[in-house]
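A.B. asks: Structure of the sequence below:
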Amino acid sequence: MEFGLFVQGYVGKRAETDPLAEHKALMEETEYVIQADKSGFKYAWASEHHFLEEYSHLSANDVFLGYLAHATERIHLGSGIFNPLAQVNHPVKVAEKVAMLDHLSEGRHEFGSGRGAGSHEILGFIPGVTDMNFTKEVWEETIAEFPRMWLQEEYQGFQGKHWSLPPRKILPKPYGKSHPAMWYAAGSPPSYAMAAKKGLGVLGFSVQKVSDMEWVLEQYKGAIGDAEPVGDYVNDNVMVTSTAICAPTHAEAVRIAAQGGLHYLQSLVFRYHDTFPRPEGFPVWPETLPEFNEEIIELLIAEELLICGDPDEVLAQCRRWERAGADQLSFGLPTGVSKADTLQTIRLVGEHVIPRIDTDPVHRTTRFRQAA
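C.D. replies: Numbering: from 1, shown residues only. Down below sits the predicted model:
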């Protein structure tokens, strides 16, 4: 199992007291990715969100990743996601950004796509749409065009329902062989199976606990063997996310977690991701979950909803995800945690966890791309 980091420019309540909160959040997250690169993490994923007050200010993630392409050496830099809906970003411009990042990173870019966070975000670009399935239709007609734009010397053009383009040379072409690995941000069981049939890796941002892996693997791994890839190769990959805090002692890790504002972050998730299944009894915004005390943190650890503890405990918790079948475990970092404590988590995981689980020096997606 490989390891990644997930960042999204989360500002939270800091803006109420600090006029530079937005700037600090963005710059701190570049430091987290740079440290993750030094600590042996193989992937960093940067979100693309729009209009999501407090929750995510990382709207121009292509710019963010371009900076990191120069500031890092080994870590793969992924769009988590680029939104390829023509009403949000013209598909040709998305193809150009992917290829450009592939060059700037010298083959370290990962192309994750998806349909946006939910109605608040999407309806800002597509007003009047009442059925979010509309976005699926647009994405479906677009996704297979990217490899053609990258691999055809002159793109033969496209005439679709939602966008069109005459024959043109799409430049630049990707760096080196083939094209960056393609991923899809999947939320529901049918979307995992759909991604597998298209040969796409899945970004499992909606996987909450280890036991969820059973249905994920049933849907994805059961279909990937019969994939008809839209790209040059099958990216057989399931990435899942979990919040992680690692400290020298269990008590310190729990204390940090209890002060990390996790309740507020979770409340914002379901405020904006209204396509995610809402847990029974979950408060409706503007109501939020109550603050998490140390007793609740211990319960979250026991229920495998949070990676938290000393290095040996975090290693054991990560092994549970590995045994369950995850190909990649990406850490979302609690945003109420101090910069020093966050960097400590990244360093400790790099020193004590990653070397004992991920022993392959080559990225899984690199192997797929080289074999295309």
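
A.B. asks: what's near enough to touch residue 217?
C.D. replies: Shown in contact with residue 217 (Cβ atoms under 8 Å, 6 or more residues apart in numbering): 238, 324-325. C-betas here are computed from N, CA, C, even on glycine.

A.B. asks: could you say which helix or strand contains residue 44?
C.D. replies: strand 43-46 (DSSP states H and E).

A.B. asks: typed the wrong thing, it's residue 78
C.D. replies: strand 76-79.

A.B. asks: Could I get the average pLDDT for that strand?
C.D. replies: Averaged across strand 76-79, pLDDT comes to 98.

A.B. asks: Mind checking the pLDDT average for the very next helix or strand once past it?
C.D. replies: As assigned by DSSP H and E, the chain's next helix or strand after strand 76-79 is helix 91-104. When pLDDT is averaged along helix 91-104, the result is 98.

A.B. asks: Give me the three-state assignment for residue 112.
C.D. replies: strand (DSSP: H, G, I helix; E, B strand; the rest coil).

A.B. asks: that older thread, which members of the contacts of residue 217 come out as buried by neighbour count?
C.D. replies: Among the contacts of residue 217, the ones that count as buried by 16 or more other Cβ atoms under 10 Å are 238, 324-325.

A.B. asks: what ranges do the helices span in the stretch 51-200 of the chain?
C.D. replies: 61-71, 91-104, 119-125, 133-142, 145-151, 189-197 (DSSP state H, counting those that start in this stretch).

A.B. asks: And those helices: which comes nearest residue 372?
C.D. replies: helix 145-151 (10.0 Å; Cβ to Cβ).

A.B. asks: what packs against that closest one?
C.D. replies: Where contact means 3 or more Cβ pairs under 8 Å, 6 or more residues apart in numbering; DSSP states H and E, helix 145-151 is packed against helix 91-104.

A.B. asks: before we move on, back to that, show me the contact partners of the strand holding residue 44.
C.D. replies: 2-8, 33, 36-37, 58, 61, 64-65, 68, 72, 75-80, 110, 112, 203, 239, 328, 330, 363.

A.B. asks: Would you check that residue 336 makes contact with residue 256?
C.D. replies: No. Look at residue 336 against residue 256 with Cβ atoms under 8 Å: they stay out of range, at 9.4 Å.

A.B. asks: neighbour count winner among those two?
C.D. replies: Neighbour count, other Cβ atoms under 10 Å: between residue 336 and residue 256, residue 256 has more, with 22 against 19.

A.B. asks: quick one: the more buried one and residue 341 touch, right?
C.D. replies: Yes. In this structure, residue 256 is within contact of residue 341 by Cβ under 8 Å, at 5.1 Å.

A.B. asks: any residues in contact with both of the two?
C.D. replies: Both residue 256 and residue 341 are contacted by 245, 247, under the criterion Cβ under 8 Å, 6+ apart.

A.B. asks: Now do the contacts for the closest residue to residue 178 other than its chain neighbours.
C.D. replies: Among residues not flanking residue 178 along the chain, residue 372 sits closest, at 4.1 Å (Cβ to Cβ, 6 or more residues apart in numbering). Shown in contact with residue 372 (Cβ under 8 Å, 6+ apart): 177-178, 232-233.

A.B. asks: Looking at the residues you listed, which has the smallest pLDDT value?
C.D. replies: Among these, residue 177 carries the weakest pLDDT, at 94.

A.B. asks: Would you mind saying which of the helices of the stretch 51-200 of the chain lies nearest residue 250?
C.D. replies: helix 61-71 (32.5 Å).

A.B. asks: helices and strands around the closest one, which ones?
C.D. replies: helix 21-38, strand 43-46, strand 76-79, helix 91-104.

A.B. asks: now do 10 Å
C.D. replies: strand 2-7, helix 21-38, strand 43-46, strand 76-79, helix 91-104, strand 109-113 (3 or more Cβ pairs under 10 Å, 6 or more residues apart in numbering; DSSP states H and E).

A.B. asks: tell me the mean pLDDT over the last one?
C.D. replies: The reference is to strand 109-113. 98.

A.B. asks: Report all helices and strands that that strand contacts.
C.D. replies: Checking 3+ Cβ pairs under 10 Å, 6+ apart, strand 109-113 ends up next to strand 43-46, helix 61-71, strand 76-79, helix 91-104, helix 145-151, strand 182-185, strand 201-204.

A.B. asks: would you list the ones you listed in TSV and tack on distance to residue 224 and mean neighbour count?
C.D. replies: Converted to TSV, those look like this (distance: least, Cβ to Cβ, whole Å; neighbours: other Cβ atoms under 10 Å):
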stretch	distance to residue 224	mean neighbour count
strand 43-46	19	27
helix 61-71	27	19
strand 76-79	19	28
helix 91-104	22	21
helix 145-151	18	21
strand 182-185	12	25
strand 201-204	10	28
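
A.B. asks: My guess is residue 341 contacts residue 308. True?
C.D. replies: No. Taking Cβ atoms under 10 Å as the definition, residue 341 is not a contact partner of residue 308, at 11.8 Å.

A.B. asks: For these two, indicate the residue with more neighbours.
C.D. replies: residue 308 (27 against 21).

A.B. asks: State the three-state secondary structure for that one.
C.D. replies: Assignment for residue 308 (three-state DSSP): strand.

A.B. asks: Helix or strand: which one has the residue nearest to it when sequence neighbours are not counted?
C.D. replies: Among residues not flanking residue 308 along the chain, residue 245 sits closest, at 4.6 Å (Cβ to Cβ, 6+ apart). In the assignment (DSSP H and E), residue 245 maps to strand 238-246.

A.B. asks: Can you give the distance from the helix or strand following that strand to the centre of its chain?
C.D. replies: Sequence-wise, the next helix or strand downstream of strand 238-246 (DSSP H and E) is helix 250-258. Its chain's average C-alpha position is 25 Å from that of helix 250-258, according to Cα atoms, centre = their mean, to the nearest Å.
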